[in-house]
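>>> predicted model and sequence below, questions to follow.
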Amino acid sequence: MTVVKSTLSESARQVVGEALQGTLVDLLGLSLIGKQAHWNIVGPRFRSIHLQLDEVVDTARTYADTVAERAATLGVPPDGRPETVATTAAPQGPKEGWVQDTEVVGVLVEALETTIGLLRERITATAEPDPVTQDLLIGLTAELEKHRWMFQAEDWPRRA
């Protein structure tokens with residue numbers, strides 16, 4: 001059933017819908033990774049990383065809403081159900097239980113790198129069918145790259 005008629009052709013809507021859905025689940029997964037680490041971090045840099053994790057979570061949640069609404073605008077029903085996120089989100093989270101601050105930094109750098117890599121593919125895929133969605137993904141990528149830079153700097157020179 002199509003409730004919202006898209007301004008895009010069906011083939012363009014398909015490509016853009018896949019890009020938006022993939023981005024949505026990756027962002028929801030990233031927000032859960034950030035919160036899991038936020039609640040379980042231990043170590044001498046607890047406070048600074050604890051607060052930094054909230055910034056990543058805020059970015060992921062804000063953009064997840066924007067991405068889902070963009071999909072709905074184009075007639076693509078967004079799927080953010082827990083089972084969908086659990087089975088399709090690309091970034092991987094921390095181990096269960098308490099996590100050392102240095103390990104949290106590594107987990108976040110890797111989760112952000114994974115998400116950014118997929119976003120760059122989606123930026124390319126949406127260039128022709130929908131520059132509006134491409135622009136949204138470009139802005140998101142810039143924000144996530146900034147977070148990655150800040151986490152990577154926390155772990156210098158080990159991650160240099």
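In hand now; what should we look at?

>>> quick check: buried residues in stretch 25-43?
25-38, 41 (16 or more other C-beta atoms under 10 Å). Any C-beta I mention is one placed from the backbone N, CA and C, and that applies to glycine too.

>>> tell me which two of these sit farthest apart.
25 and 41 (24.2 Å; C-beta to C-beta).

>>> now the spatially most central residue of the chain, nearest residue through space, not along the chain?
The chain has residue 27 as the residue nearest its centroid, 2.9 Å off, counting by C-alpha atoms, centre = their mean. Excluding the flanking residues, the one nearest residue 27 by C-beta to C-beta, 6 or more residues apart in numbering is residue 64, at 4.0 Å.

>>> now do residue 12
Using C-beta to C-beta, 6+ apart, the closest residue to residue 12 is residue 129 (3.5 Å).

>>> also residue 114?
Residue 114 sits nearest to residue 91 (C-beta to C-beta, 6+ apart), 4.8 Å away.

>>> once you drop chain neighbours, what's closest to residue 20?
residue 71 (4.2 Å).

>>> enumerate every residue touching the one you found.
Going by C-beta atoms under 8 Å, 6 or more residues apart in numbering, residue 71 touches 17, 20, 21, 24, 77, 78.

>>> residue 37 now?
Residue 37 touches 53, 93, 94, 99, 104, 107, 108, counting by C-beta under 8 Å, 6+ apart.

>>> next: residue 109.
Residue 109 touches 148, 151, 152, 155, 159, counting by C-beta under 8 Å, 6+ apart.

>>> give me the neighbour count for the first one.
Yep, that's residue 148 we're talking about. 19 (other C-beta atoms under 10 Å).

>>> which residue is the nearest non-sequential neighbour of it?
residue 112 (4.0 Å).

>>> mind checking the longest helix of this protein?
Ranked by residue count under DSSP state H, the longest helix found in the chain is helix 10-40.

>>> residue boundaries of the strands in this structure?
41-42, 99-100 (DSSP state E).
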